[in-house]
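> Next come a sequence and a model predicted from it.
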Amino acid sequence: MPLIDSTYFENSNIIANVSEPDPDYKTDKVLDLMILKGERDVLSFAFGIEMWEDFKTFITDGIAPGTPQNYMEIIKGKIYEKQGKKCYWKGLVQEDTKESLLADYVYCLYNDDNNSTSTGIGEVAINSKIGYRASIVPKVTKVWNRFIRTIQAGVRDNPSGFTMEGKPYWIVNGGVDYYGINTRIGEVSLVQFLLDNKSDYPLYDDNYRRFGELKNEFGI
């Protein structure tokens with residue numbers, strides 16, 4: 001059982017027909033597979049493969065009893081100090097409000113892949129059981145940007161150059177930054193939380209990488 005389920009797609013990230021499976025489109029089955037894929041894609045990226053392989057053993061059937069405290073802090077969140085100031089990681093899931101960066105990613109993934117369906121005459125638009133069809137691009141773009149900020153805000157983009165070993169570097173205030181971190185105080189992203197606390201995560205792969213970039217109102 002993954003960390004989120006279909007109940008995370010019934011409010012702000014609503015997916016049509018999720019609570020009333022359609023025999024033609026099998027919305028519930030498609031969404032279940034997207035949740036598994038999305039969790040793997042996001043967390044294997046954020047953690048690195050070795051840490052992901054270890055982490056997922058504790059969430060195969062829900063959060064397992066005896067899950068290490070450092071993993072529980074990733075899931076549930078943590079307040080910690082950096083440079084004498086409070087930082088807050090809100091966690092992978094907010095069960096009380098049914099919110100999660102995983103749900104945001106899956107919402108975008110689902111809508112990118114399921115705006116149409118294949119038939120004998122080609123691709124046709126999927127009908128919602130209620131309401132009228134409208135462009136979903138502005139909503140998906142808003143959710144995508146929220147996901148990007150939650151997973152990697154504070155990680156620099158556009159390196160100034162690369163070392164002989166292929167490692168990126170940035171020129172910041174006349175100095176060289178090899179870590180690519182533009183430190184934030186207050187609410188932090190998942191990647192900044194992991195980098196700020198990497199001594200607690202010996203399997204964490206802290207090589208620089210980015211999941212994607214913010215998009216404009218046209219989804220570009």
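That came through, no problem.
> Tell me how many other residues crowd Ile136.
With neighbours defined by other C-beta atoms under 10 Å, the count for Ile136 comes to 13. For every residue, glycine as well, the C-beta is placed using N, CA and C.
> again, but for the one 5 residues further on
By other C-beta under 10 Å, 18 other residues sit near Thr141.
> Could you report the distance from it to Cys108?
The spacing between Thr141 and Cys108, counted by C-beta to C-beta, to the nearest Å, is 9 Å.
> cool, and Ile185?
28 Å.
> swap in Ile4?
From Ile4 to Cys108 the distance is 14 Å (C-beta to C-beta).
> Could you do Asp206 as well?
26 Å.
> ditto for Ile148
10 Å.
> Then Lys139?
Applying C-beta to C-beta to Lys139 and Cys108 gives a distance of 10 Å.
> Give the residue from the two that has the larger number of neighbours.
Neighbour totals were compared for Lys139 and Cys108, and Cys108 leads with 24 against 16 (other C-beta under 10 Å).
> So which other helices or strands are in contact with the helix or strand that contains the more buried one?
Element membership for Cys108, per DSSP states H and E: helix 101-113. Applying 3 or more C-beta pairs under 8 Å, 6 or more residues apart in numbering; DSSP states H and E, one finds that helix 101-113 contacts helix 27-47, helix 137-152.
> How about the last one, which residues are buried there?
I take that to be helix 137-152. The neighbour-count check on helix 137-152 (16 or more other C-beta atoms under 10 Å) flags Lys139, Val140, Thr141, Val143, Trp144, Asn145, Arg146, Phe147, Ile148, Thr150, Ile151, Gln152 as buried.
> now the longest one
Neighbour-count burial for helix 27-47, counted by 16+ other C-beta under 10 Å, picks out 27, 30-31, 34-35, 38-39, 42-47.
> show me what contacts Leu33?
Listed by C-beta atoms under 8 Å, 6 or more residues apart in numbering, Leu33 has no contact partners.
> and which of the buried residues of helix 27-47 is nearest Ile75?
Leu43 (10.5 Å; C-beta to C-beta).
> Identify the residue spatially nearest to that closest one, adjacent ones excluded.
Among residues not flanking Leu43 along the chain, Trp52 sits closest, at 5.3 Å (C-beta to C-beta, 6 or more residues apart in numbering).
> Need the residues that contact the strand or helix carrying that neighbour.
For Trp52, the host element (DSSP H and E) is helix 49-55. If you take C-beta under 8 Å, 6+ apart as the criterion, helix 49-55 is touched by Arg40, Leu43, Ser44, Phe47, Tyr71, Ile74, Tyr201, Leu203, Tyr204, Asp205.
> quick one: which of these is nearest to Phe193?
Using C-beta to C-beta, Ile74 comes nearest to Phe193 of the contacts of helix 49-55, at 7.6 Å.
> Let me see the contact set for Glu81.
Cys87.
> Give me the secondary structure label for it.
Here Glu81 is strand, with the state taken from DSSP: H, G, I helix; E, B strand; the rest coil.
> For stretch 151-160, which residues meet the burial criterion?
Ile151, Gln152, Ala153, Gly154, Val155, Arg156, Pro159.
> Leaving out sequence neighbours, find the closest residue to Gly77.
Distance criterion C-beta to C-beta, 6+ apart; nearest residue to Gly77, sequence neighbours excluded, is Gly91 at 3.2 Å.
> And that neighbour, how far from Thr7?
Distance of Gly91 to Thr7, computed by C-beta to C-beta: 17 Å.
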